[in-house]
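Chemist: below is the structure, and that's it, no one-letter string:
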């Protein structure tokens, strides 16, 4: 699974979304992905990326 984009790119993608989505992405999801990579924990890396991509690309407009 592809690494998550940086917070600046995510902010552009999430521009029309709630400010909470950007905050969660920057303050929780990116650090979780980084920590999982540093710990060489593949499962946790994938889990963080799934959450991140769901924030960036919700399955419907009602989800964000």
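Modeler: Now that the structure is in, tell me what you want to look at. If you're wondering where the values come from, they're calculated on a predicted model, not measured in any experiment. Residues are numbered from 1 along each chain as shown.

Chemist: where is the longest helix in the chain?
Modeler: helix 42-56 (DSSP state H).

Chemist: what residues sit buried inside it?
Modeler: Residues of helix 42-56 classed as buried by neighbour count (16 or more other C-beta atoms under 10 Å): 45, 48, 49, 51, 52, 55, 56. In this view, the C-beta of every residue, glycine as well, is placed from N, C-alpha and C.

Chemist: what score does the nearest residue to the fourth one once chain neighbours are set aside have for pLDDT?
Modeler: Spelled out, that is residue 51. With sequence-adjacent residues excluded and distances taken as C-beta to C-beta, 6 or more residues apart in numbering, residue 51 is closest to residue 29, at 5.6 Å. At residue 29, the model reports a pLDDT of 96.

Chemist: same deal with the one 4 residues further on?
Modeler: The predicted local distance difference test score for residue 33 is 97.

Chemist: any idea how far it lies from residue 7?
Modeler: 12 Å (C-beta to C-beta, to the nearest Å).

Chemist: and the two? which has more neighbours close in?
Modeler: residue 33 (20 against 14; other C-beta atoms under 10 Å).

Chemist: pLDDT at the closest residue to that one other than its chain neighbours, what is it?
Modeler: Excluding the flanking residues, the one nearest residue 33 by C-beta to C-beta, 6+ apart is residue 48, at 4.0 Å. Among the per-residue scores, residue 48 holds a pLDDT of 97.

Chemist: if anything else comes up later, I'll come back, but that's it for now.
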